[in-house]
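*Asks:* Provided below for reference: sequence and predicted model.
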Amino acid sequence: MQNSLLQQLTTSQKKAVLHIEGPLLVLAGPGSGKTRVITYRIAALIDSGIQPYNICAITFTNKAAEEMRQRAIALGASAGARISTFHSLCVRILRQYADKAGINPNFSIYDQADQTRCIKQAIKDCELDTTNFPPARMLDAISSRLKNNLIDVDNFKAIADDFFTETLAKLYARYQDILAEKNALDFDDLLMKTALLLQNCSDVCCELSNRFKFLLIDEYQDTNRAQYVIAKALVWQHNNICATGDPDQSIYRWRGADIRNIINFEKDWPDAMVVKLEENFRSTPNILAVADNLIAQNQNRKEKKLVPTKPHGTDAVISSFEDEAEETQSIALKVQELSGKGASLQDIAVFYRVNAQSRLLEEAFIHNKIPYQVVRGVEFYNRKEIRDILAYLKVLVNPDDEIALLRIINTPARGIGKTTIDRVRAYASLHKLSFLEALKKSEHIDSLSKAPKEKIAGFVKMLEMFKKDIKGDVAPLAERVFIESGLEKSLREAGPDGQNAIENINELINAAALYDKQTEQPELIDYLQQISLFSDADAYDGSSEKVAFMTLHTAKGLEFENVFIAGVEQGLLPHERSSESENDDELEEERRLLFVGITRAKTSLHISYARYRTIRGQLLRTIPSQFLFELEIDFSESNQNVPRPSWPWYHGLEARDTLYAFAAGELVRHKSFGLGRVKEFIDMGENSVVVVEFNSGQTKTLMLKYAGLSKVNV
DNA sequence: TCAGGAATGCTTTTT
DNA sequence: GCATTCCTGA
């Protein structure tokens, strides 16, 4: 490799880049250039005569893969290395070895919404109710506890030993059958089926580990059991694995990530070389100190220092605001101030724990006319009209995809209603046919009258016409489906919302055209599988002059000059759901999440919380996050003189001032107890309690919201 | 068959 | 609070 390029690296980085043969673990703190190390390594490997074809690098998002590809090429590496996410890699492997994996290569990939429909169906089929067996929880158990740990249906049946696990085993079995009937795999199946394939077919394992002579994995701390098994299998022949990661940035335990994978790396590969990258090139010492104070509170960790290399800067700030509207308003104002001082909007990001927090931020930024982007890629693909048109395309590739088929059969309305569908379904299950096959034989279904039969025939004929065009470019087919299915016409007649939907579909067709252009051999199935694996972070456009809003999870791997973290309150961060387990594991993961957020900041960091927040329609008094006290920053609850938002829809404060704020000593009137004086006011937002001593001599403790107290102005 | 309103449920994070 | 599903009437 060219010396001039290597000179850009530190001694430790160089060591990691140039250690070619054998296992290598790069333990790297935030901002230490670990992704850079992988990129340089790819270039160095190719430089030392290794064929790009023999290199496989695994990143966390598609976006990261794309960036890595381009940077490697910029370093002089020829293209051809496989750089992708675990999921994309699995799709490729499963399609290539479909027979051996026992699947049909035209499978659909089911996302959360599809999965939920399937699990609901399974719960119904097993004659269970959704109250005792909530779909979301069942799905979570199946995916993160079972599939990600490579426990398949048979394994689980063998170990189930009480009512709940036995029921779950039945449910799991039924759920897998439903997916199989529809020729669909969910996200976890992609990993599990690949891992099991590699485990069970040594010839496939052999072939792949000969093809990928060098494996590089970024964000190794967030791999789960299935991914670990895949990695292990891929390096079976040579042990040329390079993993980089930081246990302190592990934030995906809840979806099966197993931190032991990185902790036990040296046990798995005893001859591993370990390189530590502790210098931080991203943040000021002020920011790093705060991050360090916070993460030091985690008991379950190996101590690690963050060594700053940048000069001192401004201190991190914690601000408190009256409520979430004031919080977002003041973030907007602060952004304007930064921008006025010359900061570019794309260097500013706002992070939060839950997606719901983006709405108020958007309102504040719209009000203040500041351009922003909400980094939430999957949202686009979750729009109704997008799902509709994609469902048409999915059915063309995978006729067994009943969920997609049911979605489009009467979209737009073509007179095939519930009754008709039920009759066809009954016929299908009686004759052991798929739903589409039953539709094709509809003229033989006696329970149907003439009109529905004709409508079904028309629908089937339309699908068959589309199917003739399935080869080649995707965009023209998508456009044709949009118009000829009647979707376009129905949206055109649906007013402004419809117009918006049309624009979205046009955007999808444009994206498909881009795919056609950039892909050597465009294929509908490949396109559909690719967009199924599209992630939130993939939507981030770092080149546009906009402030970025995203969750703390999405922020992983990114960096910004100026970072805001909003809503740092008990219940939100740490999230209330994280306190359900009896140990501190989940709390520590929440702490790591904040750590990840803080360490994204290069020069300025603004943490905030609101004293009141409306949650699910209830105004609640909040408690500052316990983490705030661990940062060792001075902060007080003083009002910071934020101009109250003057937006027409903003009523929060006024409402609370009159309804929810009483002071001891205040004179009040109750509709039946009459006049009284407030003895004590326990502020819990909407659930506040007042103790009133009435003139009648009685002292009452009242729930404010039911008491109907009014203030008496003296 | 379907639109529209009422009732119910569900709410972390994501590939 | 919002989204989905359920239910009723046309």
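*Replies:* Alright, I've got the coordinates.
*Asks:* contacts, neighbours, all on C-alpha from now
*Replies:* Will do.
*Asks:* starting at the chain centroid, how far to the strand or helix carrying residue A:230?
*Replies:* Secondary structure from DSSP states H and E places residue A:230 in helix A:225-234. A distance of 22 Å separates the centroid of the chain from that of helix A:225-234, by CA atoms, centre = their mean, to the nearest Å.
*Asks:* quick one: contacts of it?
*Replies:* The contact list for helix A:225-234, computed with CA atoms under 8 Å, 6 or more residues apart in numbering, reads A:86, A:147-150, A:191-192, A:194-195, A:198-199, A:205, A:208-209, A:212, A:215, A:256-258, A:261.
*Asks:* tell me which residues of stretch A:576-594 are tucked away?
*Replies:* A:578, A:585-594 (16 or more other CA atoms under 10 Å).
*Asks:* so which of those residues comes closest to DNA strand B?
*Replies:* Ranked by distance to DNA strand B (CA to the nearest atom of the strand), the buried residues of stretch A:576-594 are led by residue A:578 at 5.2 Å.
*Asks:* I figured that closest one hits residue A:587, correct?
*Replies:* Yes. Taking CA atoms under 8 Å as the definition, residue A:578 is a contact partner of residue A:587 at 6.0 Å.
*Asks:* Quick check: which ranges of the stretch 451-600 of chain A have low pLDDT?
*Replies:* Applying pLDDT under 70 to the stretch 451-600 of chain A flags no residue at all.
*Asks:* Looking at it, which residue is nearest DNA strand B?
*Replies:* For the stretch 451-600 of chain A, CA to the nearest atom of the strand, closest residue to DNA strand B: residue A:535, 3.3 Å.
*Asks:* what about that residue, neighbour count?
*Replies:* By the criterion of other CA atoms under 10 Å, residue A:535 has 19 neighbours.
*Asks:* before we move on, what about residue A:112?
*Replies:* Neighbours around residue A:112, by other CA under 10 Å: 12.
*Asks:* And the one 3 residues further on, by the same measure?
*Replies:* Taking other CA under 10 Å as the criterion, the count of residues near residue A:115 is 22.
*Asks:* which phi and psi does the closest residue to it other than its chain neighbours have?
*Replies:* Excluding the flanking residues, the one nearest residue A:115 by CA to CA, 6 or more residues apart in numbering is residue A:186, at 7.0 Å. Note on residue A:186: its backbone torsions stand at phi -90, psi 180 [degrees, to the nearest 10].
*Asks:* what does residue A:700 give?
*Replies:* phi -120, psi 140.
*Asks:* center of chain A, which residue is that?
*Replies:* Centroid-nearest residue in chain A: residue A:536, 5.9 Å away (criterion: CA atoms, centre = their mean).
*Asks:* Spit out the contact partners of that residue.
*Replies:* Residue A:536 neighbours (CA under 8 Å, 6+ apart): A:375-379, A:554.
*Asks:* how about low-confidence regions in chain A?
*Replies:* Looking at chain A by pLDDT under 70, you get A:1-2, A:617, A:637-661, A:683-688, A:705-706, A:713-714.
*Asks:* Distance of the residue of it positioned farthest from its centre relative to DNA strand C?
*Replies:* The centre of chain A is farthest from one residue, residue A:696, which by CA atoms, centre = their mean lies 58.5 Å away. Taking CA to the nearest atom of the strand, to the nearest Å as the measure, residue A:696 falls 37 Å from DNA strand C.
*Asks:* same deal with residue A:334?
*Replies:* Per CA to the nearest atom of the strand, residue A:334 is found 25 Å from DNA strand C.
*Asks:* So what's the residue count around residue A:430?
*Replies:* Counted with other CA under 10 Å, the neighbours of residue A:430 add up to 9.
*Asks:* counting contacts, what elements does the longest helix along chain A pack onto?
*Replies:* Criterion DSSP state H: the longest helix present in chain A is helix A:495-518. Where contact means 3 or more CA pairs under 8 Å, 6 or more residues apart in numbering; DSSP states H and E, helix A:495-518 is packed against helix A:384-397, helix A:474-484, helix A:487-492.
*Asks:* quick one, helices of the stretch 551-700 of chain A?
*Replies:* A:552-555, A:585-598, A:626-630, A:652-659 (DSSP state H, counting those that start in this stretch).
*Asks:* what does the shortest one rub up against?
*Replies:* So the one you mean is helix A:552-555. A:251, A:351-353, A:375, A:536-537, A:593-594, A:596-597, A:600.
*Asks:* go again using 6 Å as the cut-off
*Replies:* A:351-353, A:537, A:597 (CA atoms under 6 Å, 6 or more residues apart in numbering).
*Asks:* Check these against residue A:66 and report the nearest one.
*Replies:* residue A:537 (12.0 Å; CA to CA).
*Asks:* Kindly tell me how buried the residue lying closest to the closest one once chain neighbours are set aside is, as a neighbour count.
*Replies:* What sits nearest to residue A:537 in space, not counting adjacent residues and going by CA to CA, 6+ apart, is residue A:554, at 5.7 Å. Under the neighbour criterion other CA under 10 Å, residue A:554 is assigned a count of 21.
*Asks:* The one 10 residues further on too?
*Replies:* Per other CA under 10 Å, the neighbour tally for residue A:564 reads 25.
*Asks:* beta partners for it?
*Replies:* Counting by DSSP bridges, residue A:564 is bridged to residue A:350, residue A:606.
*Asks:* which ones are touching it?
*Replies:* Here residue A:564 is in contact with A:350, A:605-607 (criterion: CA under 6 Å, 6+ apart).
*Asks:* ok so, going back, how near is the residue nearest to residue A:537 to residue A:374?
*Replies:* Distance, residue A:554 to residue A:374, using CA to CA, to the nearest Å: 11 Å.
*Asks:* ok, now residue A:299?
*Replies:* 34 Å.
*Asks:* So between those two, which is more surrounded?
*Replies:* Set residue A:299 next to residue A:374 and count neighbours by other CA under 10 Å: residue A:374 wins out with 22 against 11.
*Asks:* any idea what sits nearest that one, other than its immediate chain neighbours?
*Replies:* residue A:549 (4.7 Å).
*Asks:* In a strand, the one you found, correct?
*Replies:* Yes. Residue A:549 sits within a strand when classified using DSSP: H, G, I helix; E, B strand; the rest coil.
*Asks:* Next, count neighbours for it.
*Replies:* Around residue A:549 there are 26 residues (other CA under 10 Å).
*Asks:* so what's it up against?
*Replies:* Counted by CA under 6 Å, 6+ apart, residue A:549 has contacts A:349-351, A:374-375.
*Asks:* and the stretch 51-200 of chain A, which residues reach DNA strand B?
*Replies:* A:60-61, A:85-88, A:111-112, A:130-131, A:134-136, A:187-188 (CA under 7 Å from any atom of the strand).
*Asks:* Can I have the buried ones of those as a PyMOL selection?
*Replies:* The PyMOL command for the buried members of these (criterion: 16+ other CA under 10 Å) is given here:
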select buried, chain A and resi 60+61+85+86+87+88+135+187+188
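*Asks:* Spatially, which two of the residues of the stretch 51-200 of chain A next to DNA strand B are the most separated?
*Replies:* Longest span within these, CA to CA: A:85 and A:131, 36.2 Å.
*Asks:* helices or strands next to the helix or strand where residue A:117 lies in the packing?
*Replies:* Take DSSP H and E as the rule and residue A:117 turns out to sit in helix A:112-125. On a contact count with 3 or more CA pairs under 6 Å, 6 or more residues apart in numbering; DSSP states H and E, helix A:112-125 meets helix A:163-181.
*Asks:* Other residues contacting the helix it packs on?
*Replies:* Here helix A:163-181 has contacts from A:119, A:122, A:153, A:157, A:160, using CA under 6 Å, 6+ apart.
*Asks:* Return the members of these classed as buried.
*Replies:* Buried, going by 16+ other CA under 10 Å: A:119, A:122, A:153, A:157, out of those.
*Asks:* Tell me the one among the residues you listed nearest to DNA strand B.
*Replies:* Among those, and counting by CA to the nearest atom of the strand, the member closest to DNA strand B is residue A:119, at 11.6 Å.
*Asks:* what residues are up against the closest one?
*Replies:* Counting by CA under 6 Å, 6+ apart, residue A:119 has contacts residue A:175.
*Asks:* Buried residues of the helix or strand that residue A:464 is a member of, list them for me.
*Replies:* Per DSSP H and E, residue A:464 falls inside helix A:450-467. Going by neighbour count (16+ other CA under 10 Å), the buried part of helix A:450-467 is A:452-453, A:456-457, A:459-460, A:463, A:466.
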